[in-house]
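*Asks:* dropping the sequence and predicted coords here.
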Amino acid sequence: MLGQFFTINFSEQEEKLNKETPVVTFWRHLLLECEVGRSSISLQDILHFATGADKLPAAGLSPPPSISFLHHPASSQVRLEEQNEKKVEWWVEALFPQSKPVSNNLILPVTSTYKAFKSSMEQAISHHVHLLPLDA
């Protein structure tokens with residue numbers, strides 16, 4: 001049910017779109033695993049991470065929740081000898097999901113495997129939940 005609340009904003013570039021499509025499958029699979037307790041995070045944790053809410057309001061969320069994608073920089077940008085501080089910072093952030101709770105936007109990392117996607121999501125969301133508990 002949580003997955004139905006998010007509008008997915010795909011990239012217009014075909015190369016990026018081809019990488020985002022499997023991530024949507026990973027996202028849906030992660031939601032199922034959370035629902036049946038096969039993840040270290042819960043659906044409530046994901047909702048809180050993405051929107052700041054601890055439960056879905058009956059009237060829905062405003063603005064409506066959305067998903068966008070965070071692509072890794074081109075391989076030429078990540079060569080150690082070419083990295084400056086900003087590029088290194090961007091690369092580290094690209095490994096994990098991000099959220100913009102004010103706009104109810106969840107930014108999913110583009111990964112090539114479900115294992116990498118799940119690990120990234122669990123680490124970031126668990127970290128967020130422990131640093132910013134729901135009671136705060």
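*Replies:* Good, I have the coordinates.
*Asks:* touching, Pro97 and Ser119? I think so.
*Replies:* No: contact criterion C-beta atoms under 8 Å: Pro97 and Ser119 do not qualify, at 11.2 Å. C-betas here are computed from N, CA, C, even on glycine.
*Asks:* for the protein, longest helix please?
*Replies:* When the chain is parsed with DSSP state H, its longest helix is helix 14-35.
*Asks:* the helices in the chain, which residues?
*Replies:* Under DSSP H, the chain gives helices at 14-35, 43-51, 85-94, 114-131.
*Asks:* return the alpha-carbon coordinates of the last one using CSV.
*Replies:* Included here for helix 114-131 are C-alpha records, laid out as CSV according to Å, rounded to 0.1, in the frame of the first residue of the first chain:
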residue,chain,number,x,y,z
TYR,A,114,18.8,-5.8,-5.3
LYS,A,115,21.4,-6.7,-2.6
ALA,A,116,23.2,-3.4,-3.0
PHE,A,117,19.9,-1.5,-3.1
LYS,A,118,18.5,-3.2,0.0
SER,A,119,21.8,-2.7,2.0
SER,A,120,21.9,1.0,1.0
MET,A,121,18.3,1.6,2.0
GLU,A,122,18.6,-0.3,5.3
GLN,A,123,21.8,1.5,6.3
ALA,A,124,20.6,5.0,5.5
ILE,A,125,17.1,4.6,7.0
SER,A,126,18.3,2.8,10.1
HIS,A,127,20.9,5.5,10.7
HIS,A,128,18.2,8.2,10.2
VAL,A,129,15.7,6.5,12.5
HIS,A,130,18.3,6.1,15.3
LEU,A,131,19.6,9.7,15.0
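*Asks:* which of Pro97 and Ser119 has more neighbours?
*Replies:* Pro97 (24 against 15; other C-beta atoms under 10 Å).
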